[in-house]
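Trainee: using only what follows, build the 3D model:
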Amino acid sequence: MMSRKCPKCGSSDLKAPRHIRARGVTSAKYRDLNIITCRKCRYTEFYELTEDEVAPINKKAGMIIFFAAVLPTLIGIGVSVWLIWG
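Mentor: Okay, the predicted model is just below:
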């Protein structure tokens, strides 16, 4: 499908690649994958992303962790200190 043709039915009507992050049942490691699906026959293939394709995803994940976990923690500590010693 990387050649933009379905290997099953030969159609070139494919959905845009969708990104997923998958992990094995017994493994702590994860893999970033692209899913490509044929619109005509619904045949689906998974492709592992290259390092160049993964770099912006990891950067975005780092920002999400910062704003969802680190920043609220720092604000919570700062507000507590301000209320106690303010």
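
Trainee: show me the shaky parts of the chain.
Mentor: 1-2, 86 (pLDDT under 70).

Trainee: can you show me the strands along it?
Mentor: Assigned by DSSP state E, the strands in the chain fall at 18-23, 30-37, 44-48.

Trainee: what's the most buried one of these?
Mentor: strand 30-37 (a mean of 16; mean count of other C-beta atoms under 10 Å). Placement of C-beta: from N, CA and C, glycine included.

Trainee: domain parsing for the protein?
Mentor: Split into domains by automatic domain parsing, the chain comes to 1-49, 51-86.

Trainee: tell me which of the ones you listed sits most buried.
Mentor: Comparing the domains of the chain by mean count of other C-beta under 10 Å gives domain 1-49 as most buried, with a mean of 13.

Trainee: mind checking how far stretch 24-43 is from the chain centre?
Mentor: 11 Å (C-alpha atoms, centre = their mean, to the nearest Å).

Trainee: endpoints of that stretch, how far apart?
Mentor: Using C-alpha to C-alpha, to the nearest Å, the end-to-end distance of stretch 24-43 comes out at 22 Å.

Trainee: list the contacts of that stretch.
Mentor: Residues outside stretch 24-43 that contact it (C-beta atoms under 8 Å, 6 or more residues apart in numbering): 1-2, 6-9, 11, 13-15, 17-23, 44-49, 53-54, 57.

Trainee: at 7 Å instead, please
Mentor: With C-beta atoms under 7 Å, 6 or more residues apart in numbering as the contact definition, stretch 24-43 has outside contacts at 1, 6, 8-9, 11, 13-15, 17-23, 44-49, 54, 57.
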